[in-house]
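Participant: please work out how this folds:
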Amino acid sequence: MKIKVLTVVVASLILATALSAVEAIPANSTVFVGEMGGFGTYVMAAIQNKKVPLVIVSDKEKADFEIRGESESEKPGWARIIFTGQTRTNEQASINMVNIATGTVVFAYAANKMSTVHGKQSAAEACAKHLKNAMKKGG
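Facilitator: Predicted structure coming up:
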């Protein structure tokens, strides 16, 4: 599983660089957020919390874009807890945003958060922050 997530993270970073100005994401576009093994809920909350100018819809048929991705949490082992007192998790997540009509990937981002207090929420907020910044730059 770790190799799969790492591969997706590296691929997303390469893709994000290549897509820097491929297609703009208009403000107030509709977006469907996939389940992503429960990570989708964190992404939706982060989009609203970070005030990303997108309209989240629950029906993929009514969306202009779809956000897909995956995440993985690494909880500290007993040795790390006993010897360092650390109970925080490490989070890896990657998302990509696809124009449903064209199939074009318009945004991709991978987050690697070490020792987070808020777990998946921290990774999702990093993704949302970078999505908002990409929208401001026009692509």
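Participant: could you use CA atoms for every contact and neighbour count after this?
Facilitator: Will do.
Participant: for the closest residue to residue 100 other than its chain neighbours, grab the count of nearby residues.
Facilitator: Computed as CA to CA, 6 or more residues apart in numbering, the closest residue to residue 100 that is not its neighbour in sequence is residue 65, at 5.2 Å. Number of residues near residue 65 (other CA atoms under 10 Å) recorded here: 27.
Participant: who's in contact with residue 65?
Facilitator: By CA atoms under 8 Å, 6 or more residues apart in numbering, the contact set of residue 65 is 29, 30, 31, 32, 97, 98, 99, 100.
Participant: cool, and residue 62?
Facilitator: Neighbouring residues of residue 62 by CA under 8 Å, 6+ apart: residue 30.
Participant: 10 Å instead, please
Facilitator: Contact analysis of residue 62 by CA atoms under 10 Å, 6 or more residues apart in numbering lists 30, 31, 32, 56.
Participant: just checking, which of those residues belong to strands?
Facilitator: Within the contacts of residue 62, residues falling in strands by DSSP state E are 30, 31, 32, 56.
Participant: doesn't residue 40 make contact with the second one?
Facilitator: Yep, that's residue 31 we're talking about. No - if you go by CA atoms under 10 Å, residue 31 and residue 40 don't touch, sitting 11.9 Å apart.
Participant: hey, what's in contact with both of those two?
Facilitator: Shared contacts of residue 31 and residue 40, defined by CA under 10 Å, 6+ apart, are found at residue 67.
Participant: these two: who's more crowded?
Facilitator: Between residue 31 and residue 40, counted using other CA under 10 Å, residue 31 has the larger neighbour count: 24 against 21.
Participant: tell me which residues form a beta bridge with the more buried one?
Facilitator: Counting by DSSP bridges, residue 31 forms beta bridges with residue 56, residue 65.
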